[in-house]
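Q: kindly generate the corresponding structure for this input.
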Amino acid sequence: MASEAAGYPDGAEAKAKVKKPRPPPPPPPPALATASLLVRGAAARVFGLQPGPCGGELQTIWQNEPGCTKLTMSLEGTKRAPFPKDELHGALLTALEAEANRLATEGGAIAVFEMNREEAEAKYGNSIYEPAPKPEKKSEEEPEKPKPPTVRLAHLPGAALVEIKSDWTLCSATADCGKIEFLQKEVEAGSKKKRETMIMVKQKKIMVKLQVQNPDAQPAEMKGGAPSEEVAKALADNSVRVVVKGVDDVDPAAEAAKATAAAAAPAAAATEEEDGEAVVTPWDVEGKIDYDKLIRDFGSTKISPELLERIRKLTVGKGRVDDLHCWLRRNIFFSHRELDAICALQEKGMPFYLYTGRGPSSAAMHLGHLLPFLFTQWLQKAFNVPLVIQMTDDEKFLWKGAYDPDKEEDGYDLDMYRRFTIDNAKDIIACGFDKSKTFIFSDCDYVGHMYTNILKTQKSITYNTAKSAFGFQGDSNIGQSAFPAVQAVPSFSSSFKIPFGDNSRLPCLIPCAIDQDPYFRVTRDIAHKLVPKDHPLKGKPSLIHCKFFPPLTGAQGKMAASKTNTAIFLTDSPEDIEKKITEHAFSGGREKAKEQREKGANLVPGTRV
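A: This next block holds a predicted model:
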């Protein structure tokens with residue numbers, strides 16, 4: 001027989017030609033999987049790529065070098081054209097490493113979720129996919145394997161939205177992997193070692209050998225929801241978004257043209273200079289706020305006309321209120337997290353409760369403080385639901401409290417914040433809440449009832465996650481580090497045996513200013529651990545965010561109790577209000593009458609109250 005003549009025993013020729021499929025590589029440890037996605041997100045921003053199509057092939061060197069891997073990415077389609085010369089590649093790699101670490105520090109909680117593949121492609125396009133591998137030679141009889149009907153996606157805030165393999169696990173937050181360090185970017189002259197982190201222009205590839213600071217970071221369960229189309233679109237924007245020193249030097253002609261344009265429009269140039277970079281944290285809000293950017297950075301969702309219509313049907317349609325609140329119609333409340341899920345529950349006749357709060361930093365509240373309370377009062381009436389109001393006297397003491405060594409007894413001023421709580425509660429009650437459905441409590445008085453949930457929350461959140469979300473530093477006191485758990489637990493109805501009894505399955509909606517969102521992003525990530533498995537929303541609180549009430553001095557930052565001349569307090573007399581507006585409110589008027597006659601009013605930075 002022919003096969004025997006060729007040296008094969010009978011029937012062995014076919015077996016000899018069939019190659020055994022190569023076994024798939026083992027999945028990377030969660031810290032390295034997370035770091036690789038952060039580097040891909042950074043590469044997209046530095047080189048003008050997309051995190052999905054730039055790919056991310058990993059070498060399994062972590063088996064011999066714990067905490068290390070080699071990542072290869074594609075430079076196909078880079079917007080850096082012409083591509084910088086070889087001598088500038090070191091600066092590009094340094095920028096890539098710095099950007100990856102910035103994304104890790106600022107990103108926050110990671111979401112891993114599954115979607116129907118067709119729905120995912122319709123919503124996000126093909127930017128979620130890595131490049132298709134080169135097809136292997138197949139026999140004509142072997143059919144092409146169909147893609148699974150679902151796709152598993154990972155969303156790292158600010159970095160990437162990409163498909164990940166079914167056996168991959170990631171960390172709970174982007175910062176959990178620790179610092180990402182690129183190895184062997186340079187080698188000594190005459191050394192036999194080869195660079196393992198480099199840009200290969202001819203092959204159109206970037207190769208990075210990296211090491212993570214926390215190689216044993218724990219994996220997180222699949223959690224989190226799908227980001228909005230707007231968030232995904234921003235992540236897939238394949239423009240160069242990182243200026244690299246030494247590579248992206250300013251062109252003198254372009255700088256001259258910019259100066260000419262600034263001279264032609266001095267007011268606009270001055271405004272741009274004055275605005276500065278916005279800062280938004282749970283404790284500080286400064287600069288001119290770009291709310292669309294906040295939605296992208298925080299990973300929340302803009303309130304759509306369709307969602308407003310659903311709210312209208314559930315409230316106005318039930319006859320409880322005459323119309324949607326004007327702050328909804330005018331986009332003052334503009335962003336949300338799973339408000340649509342609350343609507344879906346209401347459409348099925350299922351209840352929920354409201355949770356909001358106040359940090360009593362002064363004896364009187366100002367107009368900015370009223371925004372969430374007046375809107376919450378409308379929500380309570382419109383949906384006919386119970387409400388809990390947390391007075392965080394402990395928070396204000398931890399952040400603003402002082403010690404007076406000259407006092408005879410206790411030198412701390414905690415009692416002052418407890419008095420502020422009582423004063424502020426009077427203003428809150430005056431907003432018109434349904435007293436039969438409203439529970440107001442002070443943390444200092446009620447914390448014992450919530451303590452078991454506080455302990456569970458503290459156990460569930462790593463310090464790295466808290467540090468990444470809230471920016472804690474070495475000089476932060478330990479009370480500040482522990483406080484986020486105290487603000488988190490009113491999200492769970494089991495914290496309120498007094499108003500809710502044993503109902504631990506009641507979903508929660510939180511109206512708040514968007515600077516408070518970091519607390520509840522972290523809360524949502526661990527919520528499933530504090531509720532029964534049949535909780536309608538797996539314990540995750542829903543949120544609706546409002547914009548900031550600006551100070552009298554203009555449209556930057558927010559009205560603050562610590563800046564008394566820029567805020568109108570509820571206890572101010574008509575004379576006080578008139579004086580503040582006359583002397584401190586921005587009016588557009590120039591400093592001198594002559595300048596006013598020559599240039600007219602400057603109406604760009606803000607508006608008169």
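Q: now do the helix or strand where Ala344 lies: which elements does it pack against?
A: Element membership for Ala344, per DSSP states H and E: helix 339-347. For helix 339-347, the elements it packs on are helix 305-315, strand 542-546, judged by 3 or more Cβ pairs under 8 Å, 6 or more residues apart in numbering; DSSP states H and E. (Each C-beta comes from the backbone N, C-alpha and C, glycine too.)
Q: show me what the helix or strand just after that helix is packed up against.
A: Proceeding N to C from helix 339-347, the next assigned helix or strand is strand 353-358, under DSSP H and E. With contacts taken as 3+ Cβ pairs under 8 Å, 6+ apart, strand 353-358 sits against helix 367-383, strand 387-391, strand 508-513.
Q: when you compare where the helix holding Ala344 runs with where helix 367-383 runs, what's the angle?
A: If you take axes from the mean of the first three to the mean of the last three Cα atoms, to 10 degrees, helix 339-347 sits at 30 degrees to helix 367-383.
Q: export helix 339-347 as CSV, just CAs?
A: Provided in CSV are the C-alpha atoms of helix 339-347 (Å, rounded to 0.1, in the frame of the first residue of the first chain):
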residue,chain,number,x,y,z
LEU,A,339,-32.0,55.0,37.9
ASP,A,340,-33.6,53.0,35.1
ALA,A,341,-33.4,49.9,37.4
ILE,A,342,-35.5,51.8,40.0
CYS,A,343,-38.0,52.7,37.3
ALA,A,344,-38.2,49.0,36.3
LEU,A,345,-38.9,48.0,39.9
GLN,A,346,-41.6,50.7,40.2
GLU,A,347,-43.2,49.5,36.9
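Q: who's in contact with that helix?
A: With contact meaning Cβ atoms under 8 Å, 6 or more residues apart in numbering, helix 339-347 is reached by 303, 307, 310-311, 314, 351-352, 383, 507, 509, 536-537, 542-544.
Q: that older thread, between the helices and strands packed on helix 339-347, which one is closest to Val46.
A: Ranking the helices and strands packed on helix 339-347 by proximity to Val46 (Cβ to Cβ) places strand 542-546 first, at 30.8 Å.
Q: from the middle of its chain, how far away would that closest one be?
A: Relative to the centre of its chain, strand 542-546 is centred 14 Å away, using Cα atoms, centre = their mean, to the nearest Å.
Q: give me the mean pLDDT for it.
A: The average pLDDT within strand 542-546 is 95.
Q: cool, stretch 167-176 as well?
A: pLDDT averaged over stretch 167-176 gives 90.
Q: buried set for it?
A: 168-176 (16 or more other Cβ atoms under 10 Å).
Q: just send the residues you listed back as CSV, with distance to Lys467 and secondary structure too.
A: Converted to CSV, the buried residues of stretch 167-176 look like this (distance: Cβ to Cβ, whole Å; DSSP: H, G, I helix; E, B strand; the rest coil):
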residue, distance to Lys467, secondary structure
Trp168, 25, coil
Thr169, 22, coil
Leu170, 18, coil
Cys171, 14, coil
Ser172, 13, coil
Ala173, 9, strand
Thr174, 12, helix
Ala175, 7, helix
Asp176, 10, helix
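Q: from those, which two are the most distant?
A: Among these, Trp168 and Ala175 lie farthest apart (Cβ to Cβ), at 18.7 Å.
Q: quick one: low-confidence parts of the protein?
A: Along the chain, segments meeting pLDDT under 70 span 1-22, 107, 133-144, 187-192, 249-287, 554-557, 559-564, 586-594, 596, 601-609.
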